[in-house]
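>>> Provided below are the primary sequence and the corresponding predicted coordinates.
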Amino acid sequence: TAGAALTTNGGAVGWVPDGVSTVLHYGATGNGVTDDLAAIQSALNASTGRTLVFPTGIYQMSAHAEIKTNTRLVGENGAIILAAAQTRTTGNLLMFATGTSTDIVLDGLTFDGNKGNVGSATLPVLTFYQTKRLRVRNCTFQNTQGIALNISRLNEDIEIEGCRFIDVGRKPDGSEGTRSQGIAFSNTTSGEVTRSHRVRISNNTFLRVGLDCISFSNISGAEIVGNVANDCYAFFYGGGEGYCEAVTIAGNAIRTVNQGTLVDSAPPVAIDIPGGVNYTVIGNSIDGVAAAAIGVFGGSRNVVIANNAIRNAGNHSQYQDVPWQGAICVGGKGAAASDISDVSVLGNKISDELGFMRWGLVLRADLVNCYVAGNGIQAGTQGKYGRYAGNATPSNAAITALTDSSGVSATTVIEDVDFGNARVNHWRKLNSLSGYQVGGLDVIGARKTGWGAPTGTATRTSFETSTVTTAQLAERIKALLDDLTAHGIIGA
């Protein structure tokens, strides 16, 4: 390939192919001492439609630079971009930003936030605004007080793959206080006007992230697959100002949530879905969670929670009185109606080896169309299954076992739950129970056997008790026995 010898200050620095340049050509030093901001911005200004290489070195930046459209930034092994040690003000950014740009690739760079040496402001490392076709691959984000990767409003076709987020969004000493996410989609208002579309976050590693590893607000169409998170506050939060829809969270390994070296007084949920629409949470492994592993909350609908393996949820004594102490919670957070509908909980395996988990599965009393089947649930200290009683503000004290007969949604279906001899009412389908209650009194028990089918005519019309004949009465008794047999209440 034809190329050009790149020089800086009169000295040759290497031979690169056409369409590729290095930041050294524009005066960057990479010596870890000099402020390379101006040189890097000059390189970015000249690199539209090109690949800009950061050779091995440490590039200090005293403020952020602007990335242009159609630019590929590539780091050679050991290329580190370091926030210069100086106080940064709120509203500034640490390293890079872009707005209304397209076709940007970041590959193989390490971004070091120089935590503890940039003042107290929690500034994002990178911010992308109204960006289309962004690829962030094989990058490392480390030692940051603020958000590592902030993607804000009206973004499309975003891919974050194979990156590492290490010691991100935490105070220098790891203590409580202002904390930030690894990846944050901060689409600040609801509605299509600010919504982002088509996001894939895959095969990334999160270690000691101060808030959510991944935070969504107002996104349509996303896949979060094959990521690993360890010793973080929480893995996923799908709330914010605008609801999210069509999100798949699959095959992630999540360990040690809000415990270990990071414990916050606020009770987190490892996968937290408030107001989500068309979510699929499938095949995740969640081990060691301070409170709930998976939570579906107010306004969510069309959610499938399937084939997840959950172990040791609710295993921190600090959170024994929080309202989401089930390994899986469907409902909670507030006194108003939950407005949750069409939730399926299928084939999940829930176990507890530490003896802290209170409930395996907790359901809100006012769910509409909830289907539970095929789950293997080890009983917690309070039981396998609990529900929030009524619409009172949820607390752990307000959760009762499903053997309590009041206020359970009539549209909830449980097909495979083993309650033993427990009795629950107001459920549409409970195959394994021995009876139903109303107000604590049995109304239907196990089928009474030993009945033979009467022969002859069955009559279901009214009759006058003072004049009815024995034959007429027998016809009506036969009709009654036929109906009781048909409904399974009596039988042979």
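Done, it's in.
>>> quick one: which helix or strand includes residue 184?
Following DSSP states H and E, one finds residue 184 within strand 183-185.
>>> same thing with residue 28?
Using DSSP H and E, residue 28 falls within no helix or strand.
>>> Tally up the residues packed near it, please.
25 (other CB atoms under 10 Å). C-beta coordinates here come from the backbone N, C-alpha and C atoms, glycine included.
>>> Just to check, it is in contact with residue 37?
No: checked against CB atoms under 8 Å, the pair residue 28 and residue 37 is beyond contact range at 9.2 Å.
>>> what's the strand holding residue 184 in contact with?
Counting contacts by CB atoms under 8 Å, 6 or more residues apart in numbering, the residues outside strand 183-185 that touch it are 124, 147-152, 155, 160, 165, 196, 199, 201, 212-219.
>>> Name the spans of this protein whose pLDDT lies under the cut-off.
Screening the chain residue by residue with the criterion pLDDT under 70, one finds the ranges 1-18, 89-93, 173-178, 187-193, 240-242, 258-267, 315-324, 333-335, 389-398, 400-443.
>>> For the helix or strand following the strand holding residue 184, name the packing helices and strands.
Per DSSP H and E, the first helix or strand lying C-terminal to strand 183-185 is strand 196-202. Applying 3 or more CB pairs under 8 Å, 6 or more residues apart in numbering; DSSP states H and E, we find strand 196-202 packed against strand 156-161, strand 183-185, strand 219-225.
>>> For the helix or strand following strand 196-202, name the packing helices and strands.
The helix or strand immediately downstream of strand 196-202 is strand 205-209, counting by DSSP H and E. Under the contact definition 3+ CB pairs under 8 Å, 6+ apart, strand 205-209 sits against strand 164-168, strand 228-232.
>>> mind listing what the strand holding residue 184 pairs with, with the direction of each?
Strand 183-185 pairs in its sheet with strand 149-152 (parallel), strand 212-215 (parallel), by DSSP bridges.
>>> Which residues does the last one contact?
Think strand 212-215. Strand 212-215 is contacted from outside by 165, 181-186, 201, 206, 224, 227, 229, 232-237, 240, 272, using CB under 8 Å, 6+ apart.
>>> Same check on the first one?
Residues from elsewhere that reach strand 149-152, judged by CB under 8 Å, 6+ apart: 124-129, 131, 134, 136, 141, 158, 160, 182-188, 196.
>>> Alpha carbons only: can I get it in CSV?
The C-alpha atoms that make up strand 149-152 are tabulated as CSV, following Å, rounded to 0.1, in the frame of the first residue of the first chain:
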residue,chain,number,x,y,z
LEU,A,149,-19.4,5.9,28.9
ASN,A,150,-22.3,8.3,28.6
ILE,A,151,-24.6,8.1,25.6
SER,A,152,-27.2,10.8,25.6
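>>> List the buried residues of that strand.
Within strand 149-152, the residues that qualify as buried are 149, 150, 151, 152, counting by 16 or more other CB atoms under 10 Å.
>>> Distance to residue 366 added to the helices and strands packed on strand 205-209, as a markdown table?
Putting the helices and strands packed on strand 205-209 into a markdown table (distance: least, CB to CB, whole Å) gives the following:
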| stretch | distance to residue 366 |
| --- | --- |
| strand 164-168 | 38 |
| strand 228-232 | 32 |
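>>> Need the winner for burial among those.
Burial among the helices and strands packed on strand 205-209, expressed as mean neighbours by mean count of other CB atoms under 10 Å, is greatest for strand 164-168, which shows a mean of 23.
>>> Give me the distance between residue 31 and residue 223.
41 Å (CB to CB, to the nearest Å).
>>> can you count the residues close to residue 301?
Counted with other CB under 10 Å, residue 301 comes out at 19.
>>> Excluding residues flanking it in the chain, which one is nearest it?
Counting by CB to CB, 6 or more residues apart in numbering, the nearest residue to residue 301 once its immediate chain neighbours are dropped is residue 341, at 4.5 Å.
>>> Was I right to think that neighbour contacts residue 366?
No: with contact defined as CB under 8 Å, residue 341 does not reach residue 366; the gap is 9.8 Å.
>>> Name the SS class of residue 135, please.
Following DSSP: H, G, I helix; E, B strand; the rest coil, the label given to residue 135 is strand.
>>> going forward can the numbers begin at 706, since that is how I track them
Sounds good: first residue 706 from here, last item residue 840.
>>> Kindly confirm whether my reading is correct that it touches residue 809.
Yes: at 7.3 Å, residue 840 counts as touching residue 809 under the criterion of CB under 8 Å.
>>> give the contact list for residue 1052.
If you count contacts by CB under 8 Å, 6+ apart, residue 1052 has them with 1011, 1012, 1078, 1079, 1080.
>>> Buried subset of those residues as a ChimeraX selection?
Typed into ChimeraX, the line below selects the buried ones among those, using 16+ other CB under 10 Å:
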select :1011,1012,1080
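>>> Determine which two of the contacts of residue 1052 are furthest apart.
Farthest apart among those by CB to CB are 1012 and 1078. That separation is 11.9 Å.
>>> so what sits against both of those two?
Counting by CB under 8 Å, 6+ apart, the residues touching both residue 1012 and residue 1078 are 1051, 1052.
>>> Would you quantify the distance from the residue lying closest to residue 1004 once chain neighbours are set aside to residue 726?
Residue nearest to residue 1004 in three dimensions, not counting chain neighbours: residue 980, with 3.9 Å by CB to CB, 6+ apart. From residue 980 over to residue 726 the distance is 46 Å, taken as CB to CB.
>>> What residues sit buried inside stretch 839-856?
Residues 839-856 are the ones in stretch 839-856 that count as buried (16+ other CB under 10 Å).
>>> which residue ranges form the helices in the stretch 1056-1197 of the chain?
Along the stretch 1056-1197 of the chain, the segments classed as helices by DSSP state H, counting those that start in this stretch run 1175-1191.
>>> Return the member of the contacts of residue 1052 nearest to residue 1159.
Nearest to residue 1159, judged by CB to CB, of these is residue 1078 at 38.3 Å.
>>> who does that closest one bridge with?
Partner residues in beta bridges with residue 1078, using DSSP bridges, are residue 1051.
>>> now it: how far from residue 854?
With distances taken as CB to CB, residue 1078 is found 38 Å from residue 854.
>>> now do residue 1060
Between residue 1060 and residue 854 the distance, using CB to CB, works out to 38 Å.
>>> Pretty sure residue 923 sits against residue 891.
No: between residue 923 and residue 891 there is no contact under CB under 8 Å: 9.1 Å.
>>> Next, count neighbours for residue 1185.
Residue crowding around residue 1185 was assessed by other CB under 10 Å; the count is 12.
>>> Which residues are in contact with it?
Applying CB under 8 Å, 6+ apart, one finds that residue 1185 lies in contact with no residue.
>>> And for the closest residue to residue 1159 other than its chain neighbours, the neighbour number?
Among residues not flanking residue 1159 along the chain, residue 1183 sits closest, at 4.5 Å (CB to CB, 6+ apart). A count of nearby residues for residue 1183, using other CB under 10 Å, gives 18.
>>> Just the buried positions in stretch 1057-1077, please.
1057, 1061-1077.
>>> Out of those residues, list just those in strands.
Secondary structure from DSSP state E places 1064, 1065, 1066, 1067, 1068, 1069, 1073, 1074, 1075, 1076, 1077 of the buried residues of stretch 1057-1077 in strands.
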